[in-house]
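[1] With the sequence up front, the predicted model follows.
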Protein chains: 2
Amino acid sequence: CPDGRQSPAAAALQRGVCRTLRTLGHSVITELTLAGGRRADVVGLSPSGDIWIVEIKSCLADFQADAKWADYYDHCDRLYFAVAPDFPHEVIPEETGLILADRFGAEVMREPDEFRLTAARRKAMTLCFARTAALRLQRALDPFCGE
Amino acid sequence: CPDGRQSPAAAALQRGVCRTLRTLGHSVITELTLAGGRRADVVGLSPSGDIWIVEIKSCLADFQADAKWADYYDHCDRLYFAVAPDFPHEVIPEETGLILADRFGAEVMREPDEFRLTAARRKAMTLCFARTAALRLQRALDPFCGE
């Protein structure tokens, strides 16, 4: 598991998480670069504007290598970790949410504590999410639309 | 020109407008259904969160059939009409912006008056833009992700 984010295992979990967030009413985007430079694996935006971040951990080493996960609290109302069913999930911090996932879907096993974003941070995150999604969509629809 | 929105001519103008808005730094989405049910042809979201609506008019009849274009002011800071170079553009209302477009790009010929959205309306529009873009992007990447 040298690079959890890019591995096929991580991609499969990410897909399942995205599908399940959609059924929960969230719109989602993957690999969103946040203010400060960190990248969130999955960001969900609810109909009312709540923002969830889901970090995918495809193996224990991947989780242990992430010493700065608490930084995500600057960018979301709720923070979840998503892991495969055979992941030793007792290591996942109790205040965060726990999602078990596979390629086809996911299940929220534990809801996290909620730390509401300030209005200014919510506005910035929503704008970042909106612009990134639209720029990627335009690129998908019109590959020669420019940088 | 029985249905300007769906015609190849309108689609060509729309593509050119989207490309040019992108070069101006806007992220864009097409055919965005607004609160109230109207649909905007092109919506641009600037890096600072300004919202522009561009209505595509592929022929004079298409423009004349739209008696309620002023409703768009409820949803944007700036309203433009985009037309082909041979459109009789003197009919376009002076307070709106004028864009000449073709399939490959567009040029802003006249900037419109600006009517700034309230904070609540801007928040609602940004959220609508963000969710629609992300839902469409997910559908493009994972066609079986569900409704």
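    Nice, I can see it.

[2] shaky segments in chain A?
    Flagging of chain A using pLDDT under 70 yields the residue ranges A:1-6, A:147.

[3] if you set the cut-off to 90 instead, what comes out?
    Applying pLDDT under 90 to chain A flags the ranges A:1-7, A:36, A:67, A:144-147.

[4] mind listing the helices for it?
    Using DSSP state H, the helices of chain A run over residues A:8-23, A:60-64, A:119-141.

[5] got the contact list for the most centrally placed residue in chain A?
    By Cα atoms, centre = their mean, chain A has its centre lying nearest to A:V42, at 2.2 Å. By Cβ atoms under 8 Å, 6 or more residues apart in numbering or on different chains, the contact set of A:V42 is A:Q14, A:V17, A:C18, A:L21, A:V28, A:I29, A:T30, A:I53, A:V54, A:E55, A:I56, A:A82. All C-beta spots, glycine's among them, are computed from the backbone N, C-alpha and C.

[6] Show me which of these is closest to A:R103.
    Comparing those against A:R103 with Cβ to Cβ picks out A:Q14 as the nearest, at 9.4 Å.

[7] Hmm, A:L21 and that closest one touching each other?
    No. With contact defined as Cβ atoms under 8 Å, A:Q14 does not count as touching A:L21 (10.6 Å).

[8] Just want to know which of those two has more residues nearby.
    A:L21 (26 against 23; other Cβ atoms under 10 Å in any protein chain shown).

[9] count of residues packed around the nearest residue to the more buried one once chain neighbours are set aside?
    Nearest residue to A:L21 in three dimensions, chain neighbours excluded: A:G44, at 4.4 Å (Cβ to Cβ, 6 or more residues apart in numbering or on different chains). Residues near A:G44, counting by other Cβ under 10 Å, number 27.

[10] Now do the contacts for A:G44.
    Neighbours of A:G44 in contact, by Cβ under 8 Å, 6+ apart: A:L21, A:L24, A:H26, A:S27, A:V28, A:I51, A:W52, A:I53, A:V54.

[11] Run through the bridge partners of it.
    Beta-bridge partners recorded for A:G44 (DSSP bridges): A:V28, A:W52.

[12] Around chain B, pick out the residues from chain A.
    Contact residues (Cβ under 8 Å from any Cβ of the partner chain) of chain A with chain B: A:15, A:18-19, A:22-23, A:27-29, A:45, A:47, A:49, A:123, A:126-127, A:129-138, A:140-142, A:145-146.

[13] Drop the exposed ones from those residues and show what's left.
    Neighbour-count burial within these applies to A:15, A:18-19, A:22, A:27-29, A:45, A:49, A:123, A:126-127, A:129-138, A:145; the criterion is 16 or more other Cβ atoms under 10 Å in any protein chain shown.

[14] For A:C18, which non-adjacent residue is spatially closest?
    Leaving aside its chain neighbours, A:C18 sits nearest to A:V28 (4.7 Å; criterion: Cβ to Cβ, 6+ apart).

[15] and that neighbour, what does it touch?
    The contact partners of A:V28, by Cβ under 8 Å, 6+ apart, come to A:V17, A:C18, A:L21, A:R22, A:V42, A:V43, A:G44, A:L45, B:A134, B:Q138.

[16] so the third one touches A:I53, yeah?
    No. In terms of Cβ under 8 Å, A:L21 does not count as a neighbour of A:I53; the distance is 10.9 Å.

[17] that older thread, of all the helices of chain A, which one comes closest to A:L34?
    Closest approach to A:L34 among the helices of chain A (Cβ to Cβ): helix A:119-141, 7.2 Å.
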